[in-house]
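K.L.:
starting from these lines, generate the structure:
(one chain, ligands or ions: 1)
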Amino acid sequence: MAAPASDWVKFAADRMLGRLAKWLRVIGQDVIYGRHLSGYGLIHAARAENRLSLTRDRGLKEKQPPEFIFIDSDDYREQLRQVIRACDLRAGDALFTRCLECNAVLEPKTKESVESLVPPYVFSTQEMFFWCSQCRRVYWPATHHQKMLDELKTIGVL
Ligand SMILES: [Zn+2]
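P.N.:
Down below sits the predicted model:
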């Protein structure tokens, strides 16, 4: 299968690939994920939005899906390596730019505008904030970012 160019690829992750979906969002990839995404549900969603399906379902290919990647491993770290390799993604290019819960692209927020939305300690110690206009979650670079960076380095993709 030809590797799609990373500047257009969007993913639809099979419902059994939740951790992979989350980690792809961590590195800024556009990936839909949810309970409805398996079998024909996955195929319909992938077709409707021109997405590359990611699946561990061996039966999917019998259902005439559009282009997909069969994920070999049960381990999300190996899964992430496989997708990054197959699609020639650069994991460091768009880190932390997407909401991990709903896949929307995060927008910068001024410090003043989040005062009532974040804990006082966070407000007094952080300068940069981003938010998701869909779920209204506020993000800021902090220790969980560092943990994720460490994890990505351990996985070997950064
Ligand atoms: Zn969100």
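
K.L.:
can you tell me which residues contact the closest residue to Ser113 other than its chain neighbours?
P.N.:
In space, not counting the residues next to it along the chain, Ser113 is nearest to Phe129; the distance is 7.9 Å by Cβ to Cβ, 6 or more residues apart in numbering. Using the backbone N, CA and C atoms, a C-beta is placed for each residue, glycine as well. If you count contacts by Cβ atoms under 8 Å, 6 or more residues apart in numbering, Phe129 has them with Pro108, Lys109, Thr110, Lys111, Ser113, Val114, Val118, Val138, Tyr139, Trp140.

K.L.:
got it, and Phe130?
P.N.:
Going by Cβ under 8 Å, 6+ apart, the list of residues near Phe130 reads Phe96, Leu106, Glu107, Pro108, Lys109, Val138, Tyr139, Trp140.

K.L.:
and Leu158, by the same measure?
P.N.:
Going by Cβ under 8 Å, 6+ apart, Leu158 touches Ala91, Gly92, Leu149, Leu152.

K.L.:
after the helix or strand encompassing Tyr121 comes which helix or strand?
P.N.:
Assigned by DSSP states H and E, Tyr121 belongs to helix 120-125. Per DSSP H and E, the first helix or strand lying C-terminal to helix 120-125 is strand 129-131.

K.L.:
partners of that following strand in the sheet?
P.N.:
strand 107-109 (antiparallel), strand 138-139 (antiparallel) (DSSP bridges).

K.L.:
so which of those is nearest Leu60?
P.N.:
With Cβ to Cβ as the criterion, Leu60 lies closest to strand 138-139 of these, at 33.5 Å.

K.L.:
so, in contact with the ion or not, that closest one?
P.N.:
No - Strand 138-139 does not reach the ion (Cβ under 5 Å from the ion); its nearest approach is 9.0 Å.

K.L.:
quick one: mean pLDDT over the next helix or strand after that strand.
P.N.:
Stepping forward along the backbone from strand 138-139, the first helix or strand reached (DSSP H and E) is helix 143-155. For helix 143-155, the mean pLDDT works out to 93.

K.L.:
same deal with stretch 89-103?
P.N.:
This predicted structure assigns stretch 89-103 an average pLDDT of 94.

K.L.:
kindly report the same for stretch 41-48.
P.N.:
For stretch 41-48, the per-residue pLDDT values average out at 97.

K.L.:
all good on my end, thank you.
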